[in-house]
Each structure stands twice: as C-alpha cells, then as structure tokens.
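**Student:** fold the following.
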Amino acid sequence: MPKSELIYGMHAVAALLKRQPERVIEIYTLQGRVDKRLIDIINKAQECGFSVQPMHRKSLDEKSDGEQHQGIIMRIKTQKILTEPDLDACIPNAGVPPFLLILDGVTDPHNLGACLRSADAAGVHAVIIPKDNTVGLTPVVRKVACGAAESMPLIHVTNLARFIRQLQEKGIWIYGTDGEATQSIYDCKFEGGIAIVMGTEEKGMRRLTREHCDELIKLPMAGAVSSLNVSVATGVCLFEVVRQRN
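**Tutor:** Numbers count the residues shown, from 1 in each chain. Modelled structure (predicted):
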C-alpha cells in the first residue's frame, strides 16, 4: 500500500482538512487563483501549519491526471482500508437499527462517489463493497463524494455472499434491487436493521448475491427507459427508507 495519495476538489480537501487534519502532508494550489473558497481553505491550512505550494495549471493537471481539480490538490497519508471486522464499530449501539448499503460490482468512480454522498446524506452507517472487481477510494471518488468519502465508512469484503449471511445472522434484513422483482420498493415496510443491495447498471447483482437476499425489490419505471443510473437509483432507495423511518 502506498504511504501517501492525492485528493482534489474543494469539498474533498476542505472535508479532510476539517475531519482528519492529521493525515495532511502538503497542499498544492493554482497560482493566481484568488476566489473566496480557495482562500478560506488556504488560510485554514496555514493556520494548522501545513505547507501550501502555488503551482501552474499544467502541473496541477498532470498531478490530477487531467481530472477537474478545481485549483487545489492535497497529498495525504494513506489510511488503513476498512474490512469486515471494522463494521461493528461503525454501527451505533444505542438502540439504532443498522442501516447499510451494499454495492455489488460498481466500477465507475463517479457512481461510487455519488453513492457515498447519498449514503452520507441518508444516514447510512456503512457502505460495503467487494474487495475485487470494484472501484476503491480513488481521487475521483473522493471529489465526486464532496466530502462524504471522509465521513462514510467504506468496508471491503473478500466474499460478499458469505458476508451477507453474517449480516443475516445478526438480524439484518437484506433487500436486493432487481428489475425482474415483482415487489415495488414502495410496497415494502423497512423496519429494524436493513441493508440495501445495488448491482451494476449492465448486469445488476451477481447470481450468488441475488440468491442470498431475503427479499427482491424494484423501482417502478413508467417511461421508455428500463433502468436508472445506479447512483440515482441508490439515492431513491435510501431516501425511501429515510421517509419510512421518519
């Protein structure tokens, strides 16, 4: 595992500076840019004693591999990847039923970032992804997540089907989303501990994942399209849970 990594974008940098300042190594900014958002971040970083290096746009573009960096890039210490044993620490013990999101094979960093953002907004306790054949916490994911990547635990599991069985043993009900399901999400009563499983746009959930779900649900589609973008569908599902719980 590398000892450091880069993140970029105003929200991602500001969130990490606020929540995990001990991980900051140095900050690179676009030379000549003087808007208030950037200046506020620079001032905060300098107050904390961090090095801020102005750079030409070409240098910043090269560091971000051409992705939109919004004029700021931060080098941070790499954090330990969360795995199965870390989940219990993510779930509060004070009578709050677990609320989890499982993403089965999301490979697009923009989709993962958007899902993390929705999960954070909906009060999800942790997001679970397979260790293999999925995207991890890349700089693009962090930028799209707008700070949620720094607050939302992302659990990597080796065997997703086995992990789902372990959740079921803890009394967590597994709802898998499937376009072929007969039951609409709006017909469900989301009570107690639950996990929502989302598959890929192309193939949905893998067979073993689908077979281990307690219940299959779908979003009713009224138009010509057959499915939604996975991050949009995730937001709809999570906030239906929020609506019912509130």
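
**Student:** for V135, what are its contacts?
**Tutor:** Contacts of V135 were listed using Cβ atoms under 8 Å, 6 or more residues apart in numbering, and they are V106, T107, D108, P109, L112, V141. No exception for glycine: its C-beta is placed from N, CA and C like everyone else's.

**Student:** which residue of this protein sits farthest from its center?
**Tutor:** G32 (32.6 Å; Cα atoms, centre = their mean).

**Student:** before we move on, what SS does it have?
**Tutor:** coil (DSSP: H, G, I helix; E, B strand; the rest coil).

**Student:** do L6 as well
**Tutor:** Classified using three-state DSSP, L6 is strand.

**Student:** now swap in H110 and tell me
**Tutor:** Classified using three-state DSSP, H110 is helix.

**Student:** how about stretch 117-129 as CSV, C-alpha atoms only?
**Tutor:** C-alpha atoms of stretch 117-129 as CSV (Å, rounded to 0.1, in the frame of the first residue of the first chain):
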residue,chain,number,x,y,z
ARG,A,117,-22.6,11.1,-1.0
SER,A,118,-26.2,9.8,-1.0
ALA,A,119,-25.4,7.3,1.8
ASP,A,120,-23.9,10.0,4.0
ALA,A,121,-26.9,12.3,3.4
ALA,A,122,-29.4,9.4,4.2
GLY,A,123,-27.6,8.5,7.5
VAL,A,124,-26.3,5.1,6.3
HIS,A,125,-23.9,3.6,8.8
ALA,A,126,-21.5,2.0,6.3
VAL,A,127,-21.1,1.2,2.6
ILE,A,128,-19.9,-2.4,1.8
ILE,A,129,-18.2,-3.3,-1.5
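
**Student:** quick one: average confidence on that stretch?
**Tutor:** Here stretch 117-129 scores 96 as its mean pLDDT.

**Student:** swap in stretch 73-85?
**Tutor:** Here the average pLDDT along stretch 73-85 is 91.

**Student:** in that stretch, what's buried?
**Tutor:** I73, M74, R75, I76, L82, E84 (16 or more other Cβ atoms under 10 Å).

**Student:** can you show me the CA trace of it as CSV?
**Tutor:** C-alpha atoms of stretch 73-85 as CSV (Å, rounded to 0.1, in the frame of the first residue of the first chain):
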residue,chain,number,x,y,z
ILE,A,73,-4.8,19.2,-4.7
MET,A,74,-3.8,17.7,-1.3
ARG,A,75,-1.3,15.0,-0.6
ILE,A,76,-2.4,12.9,2.4
LYS,A,77,-1.2,9.9,4.4
THR,A,78,-2.9,6.7,3.2
GLN,A,79,-5.5,5.4,5.7
LYS,A,80,-6.0,1.8,6.6
ILE,A,81,-8.6,0.0,4.4
LEU,A,82,-11.6,-1.0,6.4
THR,A,83,-12.5,-4.7,6.3
GLU,A,84,-15.2,-7.0,7.7
PRO,A,85,-14.1,-6.8,11.4
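
**Student:** what is the burial count for P130?
**Tutor:** 20 (other Cβ atoms under 10 Å).

**Student:** wait, it touches H156, no?
**Tutor:** Yes. With contact defined as Cβ atoms under 8 Å, P130 and H156 form a contacting pair (7.5 Å).

**Student:** got the domain boundaries for this protein?
**Tutor:** 4-77, 82-245 (automatic domain parsing).

**Student:** show me the shaky parts of this structure.
**Tutor:** By pLDDT under 70, the low-scoring segments of the chain are 1-2, 94, 224-226.

**Student:** separation between G95 and I172?
**Tutor:** 15 Å (Cβ to Cβ, to the nearest Å).

**Student:** the two - which one has more neighbours?
**Tutor:** The neighbour count for G95 versus I172, taken as other Cβ under 10 Å, is higher for I172 (19 against 5).

**Student:** what sits against the more buried one?
**Tutor:** Contacts for I172 (Cβ under 8 Å, 6+ apart) come out as P98, L100, G192, G193, I194, A195.
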